[in-house]
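Asks: Quick one, structure for this:
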Amino acid sequence: SMRLWTEGYKSEIETSRWEPTTRLSAAIENMETPPQLFISSSAVGIYGLDPNKTYTEEDTPFTKETGSYFTNLCHKWEQCSVLPPQIKTRVINPRFGVVLAHDLAPADRLLVVPGTVLGAGDQPFPWVHIDDILGMFALFLEKDDLSGAVNCVAPQITDNTQLTDALVAARGGFQLPALPAFIVRLMYGTERADHLLLDSPRVVPHKLTNAGFQFTRPTIRDAAEEMVRSR
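Replies: Sure thing, here's the model as predicted:
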């Protein structure tokens, strides 16, 4: 959403993620025959913003005392899906990057607004194309030994400049000058700008790679070209 991240809106975001997950977990716990698999979403926002670190599923998310709003949001979201040990349902928490698709917000806006780099342009942009998400879910069903957090991002580590270049190359048109960081903060608020738009974690799909998953859109150019073709 393009709304400003007011305290009221952040409360809406928390409720929309935590409450349904908690209810689903409680329902599974009370089932006579629980399902074999429970897929409960999360996001790469659970990780920190260390510019020298590339995050895998083995990295411990920030705690409430040290993390940002976004790390805490995702951490509690995952905690809502935890089941008692006597429940044998396998739980997977897909930690999604930005999902790219021609008809899915907010990525669809990238196809209609002029291309422009945000800030310095070297901030990571963890992403995944929607076609690969379908394949990932099929893998979750097939691999009984896959559980816990799974980084659902493309294998190519991409920055904001590479994203912008790929979109402009795929759709044609022109590219505007870079948007200074202070303007991004004025437009979206400091918290959202500094933790999502002007910085993001550098994340790799370690578990998916080890499980032999084959990406159909492994690079940002592949994804951008497919988004343009699908319009």
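Asks: pretty sure Gly173 contacts Gly115?
Replies: Yes - here Gly173 reaches Gly115: they are 7.1 Å apart, a contact under C-beta atoms under 8 Å. No exception for glycine: its C-beta is placed from N, CA and C like everyone else's.
Asks: Those two: which has the busier surroundings?
Replies: Ranked by neighbour count (other C-beta atoms under 10 Å), Gly173 and Gly115 place Gly115 first, with 17 against 10.
Asks: Look up how far Ile28 lies from Gln86.
Replies: Distance of Gln86 to Ile28, computed by C-beta to C-beta, to the nearest Å: 12 Å.
Asks: Mind jotting down where the helices sit in this protein?
Replies: 7-29, 69-79, 130-142, 160-171, 181-188, 190-192, 206-210, 220-230 (DSSP state H).
Asks: Distance to Gly148 and mean neighbour count added to these, as CSV?
Replies: Output for these, formatted as CSV (distance: least, C-beta to C-beta, whole Å; neighbours: other C-beta atoms under 10 Å):
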stretch, distance to Gly148, mean neighbour count
helix 7-29, 15, 13
helix 69-79, 9, 20
helix 130-142, 11, 16
helix 160-171, 29, 20
helix 181-188, 32, 15
helix 190-192, 28, 16
helix 206-210, 8, 18
helix 220-230, 26, 19
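Asks: Compare these and report which one is nearest to Gln123.
Replies: helix 160-171 (5.3 Å; C-beta to C-beta).
Asks: Contacts made by the closest one with the rest, please.
Replies: With contacts defined as C-beta atoms under 8 Å, 6 or more residues apart in numbering, helix 160-171 is touched by 110-111, 115-119, 121-123, 125, 127, 174-175, 220-221, 223-225, 227-228.
Asks: Now do the contacts for the spatially closest residue to Ile39 that is not a sequence neighbour.
Replies: Once flanking residues are discounted, Ile39 sits nearest to Ile92: 5.1 Å by C-beta to C-beta, 6 or more residues apart in numbering. Counting by C-beta under 8 Å, 6+ apart, Ile92 makes contact with Leu37, Phe38, Ile39, Ser40, Phe140, Leu146, Ser147, Gly148, Val150.
Asks: wait, Ile133 sits on Val153?
Replies: No - with contact defined as C-beta under 8 Å, Ile133 does not reach Val153; the gap is 10.5 Å.
Asks: Nearest to the middle of the protein, which residue? Look it up for me.
Replies: Gly97 (2.3 Å; C-alpha atoms, centre = their mean).
Asks: what residues are up against it?
Replies: Counting by C-beta under 8 Å, 6+ apart, Gly97 has contacts Ala43, Val44, Phe125, Pro126, Trp127, Val128, Cys152, Val153, Ala154, Val203.
Asks: Next, the buried residues of stretch 114-132.
Replies: Buried residues in stretch 114-132, counted by 16 or more other C-beta atoms under 10 Å: 115, 117-119, 121, 123-132.
Asks: Narrow these to those in strands?
Replies: The strands, defined by DSSP state E, take in Trp127, Val128, His129 from the buried residues of stretch 114-132.
Asks: Thanks a lot, catch you later.
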